[in-house]
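Visitor: kindly generate the corresponding structure for this input.
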Amino acid sequence: MGALHFNARFRDELLNGEVFTTLREAQILIERWRRHYNTVRPHSALGYRPPAPKSIVLIDQRPTMH
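Guide: I've put the predicted structure just below:
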């Protein structure tokens, strides 16, 4: 079911709504959609949470004295 679901989403959310004029344009838009699908978009199998939410890790930039 996973591949069928992905292919249907890919077709419905991207391919049916775009007309690519160059191969490079297609590559950029498809990669942008793929990143969104894999990191931001909520997935029903995950309780409508994103699969890999962006996180910010703050690093202390002060010099450390040893």
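Visitor: what distance separates the one helix or strand in the chain whose mean pLDDT sits lowest from the centre of its chain?
Guide: Within the chain, no helix or strand scores below helix 2-13, which has a mean of 84 by mean pLDDT, DSSP states H and E. How far helix 2-13 lies from its chain's middle: 14 Å, per CA atoms, centre = their mean, to the nearest Å.
Visitor: next: stretch 14-33.
Guide: Worked out by CA atoms, centre = their mean, stretch 14-33 lies 14 Å from the chain centre.
Visitor: what of stretch 36-44?
Guide: How far stretch 36-44 lies from its chain's middle: 6 Å, per CA atoms, centre = their mean.
Visitor: just the buried residues of it, please?
Guide: By 16 or more other CB atoms under 10 Å, the buried positions in stretch 36-44 come out as Tyr37. In short, each C-beta sits where N, CA and C put it, glycine included.
Visitor: just the CA trace of that stretch, in CSV.
Guide: What follows is stretch 36-44, C-alpha atoms only, in CSV (Å, rounded to 0.1, in the frame of the first residue of the first chain):
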residue,chain,number,x,y,z
HIS,A,36,8.0,18.4,1.9
TYR,A,37,6.4,15.0,1.7
ASN,A,38,9.1,13.3,3.7
THR,A,39,9.7,15.9,6.4
VAL,A,40,6.8,18.4,6.8
ARG,A,41,3.5,16.9,5.5
PRO,A,42,1.5,15.2,8.2
HIS,A,43,1.0,11.4,7.6
SER,A,44,-2.1,9.5,8.8
